[in-house]
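[1] Quick one: sequence plus predicted model below, questions after.
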2 protein chains.
Amino acid sequence: MLSLSNDASTAVEAEGDDLCSLTRLIGDPDGAKETVKKLRALMKKIEKEDSDSEIGVFKAAADPCRIRILKLLKEGELCVCEIMTALNRPQSTTSHHLSILREAGLIRERRAGKWLHYRLSDGAVIELLNQAKLLKDK
Amino acid sequence: MLSLSNDASTAVEAEGDDLCSLTRLIGDPDGAKETVKKLRALMKKIEKEDSDSEIGVFKAAADPCRIRILKLLKEGELCVCEIMTALNRPQSTTSHHLSILREAGLIRERRAGKWLHYRLSDGAVIELLNQAKLLKDK
DNA sequence: CTTATATATCGAAATGCATTGATATGTTCC
DNA sequence: GGAACATATCAATGCATTTCGATATATAAG
């Protein structure tokens, strides 16, 4: 099993492990070393960008109930009790899904008296759905 | 609890249930009935579109490992053993994630001898990531 | 301040998903 | 055909998420 720690010694060990397979792959040890170095650098760059909120966005959209909510809201603002009516799901379930969408930044709320009206937070949400649809159609 | 079945009788019953809360919400029974009708029609339209593959796309992107793979592949084609080197994860784990991305249509494979090279399936994948990033930045 | 209503949060059960070692499949080379 | 290697699939384990009833919070009205 490869180590996940970051200190220098285990990093060197891990590099040794990787070289086993990559040397064979590439055919020469120096080329393999070079490739590993490039991959590590690229990975470091990728891990430095915080991907958490991106993942949150995708997680939020990755549920049938929540996709339905997003598609409903494409037509305009709705309050919670309208959404639960449309979904045909209990209030606690509906509310839970709304809070996940809200925390991911996909929807916004507006209070009007005792009612909360939800809407898509931005045109980017619609674009996100469009891109997913594009991908599915191929 | 609201019924999930589709036949006429239970649909009427369910409509009655919904009217309880929506009538109060809107203030007049006729307006409520109208609203419920609209919501049901909208929902029927939404459920008719097959959202499954869209959900598959979002599910595939909703994992730290897999987001990393997508970002790696933005730089160009890589074979499995390069990807597992970069991710620092066992082969079976890496392969599993690749198969999910492949089935969702986000990546494609190309065989070259005993190696499989993976690449992003389309520019739409990059656009998808961009839209998610846009959303997170607000 | 009490009651009614709309929504959020909690807690428990059920389900789904990520991870990984072990094993199977497919490819190359001899 | 058999050995070596790259990758996929299987099966078991543990963790995360969904669902939903029960309860809490917030707002409005009397």
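    Structure received.
[2] Identify the residue nearest the geometric centre of chain A.
    In chain A, the residue lying closest to the centroid (Cα atoms, centre = their mean) is residue A:55, at 2.0 Å.
[3] That one in helix, strand or coil?
    Here residue A:55 is recorded as helix under DSSP: H, G, I helix; E, B strand; the rest coil.
[4] wait, it sits on residue B:64?
    Yes - with contact defined as Cβ atoms under 8 Å, residue A:55 counts as touching residue B:64 (6.1 Å). C-beta here means a position set from N, CA and C on the backbone, and glycine is covered the same way.
[5] What values do phi and psi take at residue A:49?
    Dihedral angles phi and psi of residue A:49 (degrees, to the nearest 10) take the values phi -60, psi 130.
[6] wait, what's in contact with it?
    The contact partners of residue A:49, by Cβ atoms under 8 Å, 6 or more residues apart in numbering or on different chains, come to residue B:71.
[7] Which single residue of chain A ends up nearest DNA strand D?
    residue A:92 (3.1 Å; Cβ to the nearest atom of the strand).
[8] Next, count neighbours for that residue.
    9 (other Cβ atoms under 10 Å in any protein chain shown).
[9] For the strand or helix carrying it, buried residues please.
    Using DSSP states H and E, residue A:92 sits within helix A:91-103. Residues A:94, A:97, A:98, A:100, A:101, A:102 are the ones in helix A:91-103 that count as buried (16 or more other Cβ atoms under 10 Å in any protein chain shown).
[10] got those as CSV, with pLDDT and distance to residue B:32 columns?
    Compiled in CSV, the buried residues of helix A:91-103 are given as follows (pLDDT from 0 to 100; distance: Cβ to Cβ, whole Å):
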residue, pLDDT, distance to residue B:32
A:94, 98, 18
A:97, 98, 23
A:98, 98, 21
A:100, 98, 28
A:101, 98, 25
A:102, 97, 26
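[11] Just put the residues you listed in TSV and tack on distance to residue B:133.
    Below are the buried residues of helix A:91-103 laid out as TSV (distance: Cβ to Cβ, whole Å):
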residue	distance to residue B:133
A:94	28
A:97	23
A:98	23
A:100	19
A:101	18
A:102	19
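[12] from those residues, which is closest to DNA strand C?
    Of all the buried residues of helix A:91-103, residue A:98 has the smallest distance to DNA strand C: 5.1 Å, by Cβ to the nearest atom of the strand.
[13] Spatially nearest residue to that closest one (excluding sequence neighbours)?
    Leaving aside its sequence neighbours, residue A:98 sits nearest to residue A:118 (Cβ to Cβ, 6 or more residues apart in numbering or on different chains; 6.2 Å).
[14] Tell me the one of the buried residues of helix A:91-103 nearest residue B:129?
    Nearest to residue B:129 among these, counting by Cβ to Cβ, is residue A:101 at 19.3 Å.
[15] Beta-bridge partners for the closest residue in space to that closest one that isn't next to it in sequence, please?
    In this structure, residue A:101 finds its nearest non-sequential neighbour in residue A:107, 4.6 Å apart by Cβ to Cβ, 6+ apart. Bridge pairing for residue A:107 (DSSP bridges) gives the partners residue A:120.
[16] I'd say residue A:107 and residue A:74 touch.
    No - with contact defined as Cβ under 8 Å, residue A:107 does not reach residue A:74; the gap is 11.1 Å.
[17] which residues do those two both contact?
    residue A:120.
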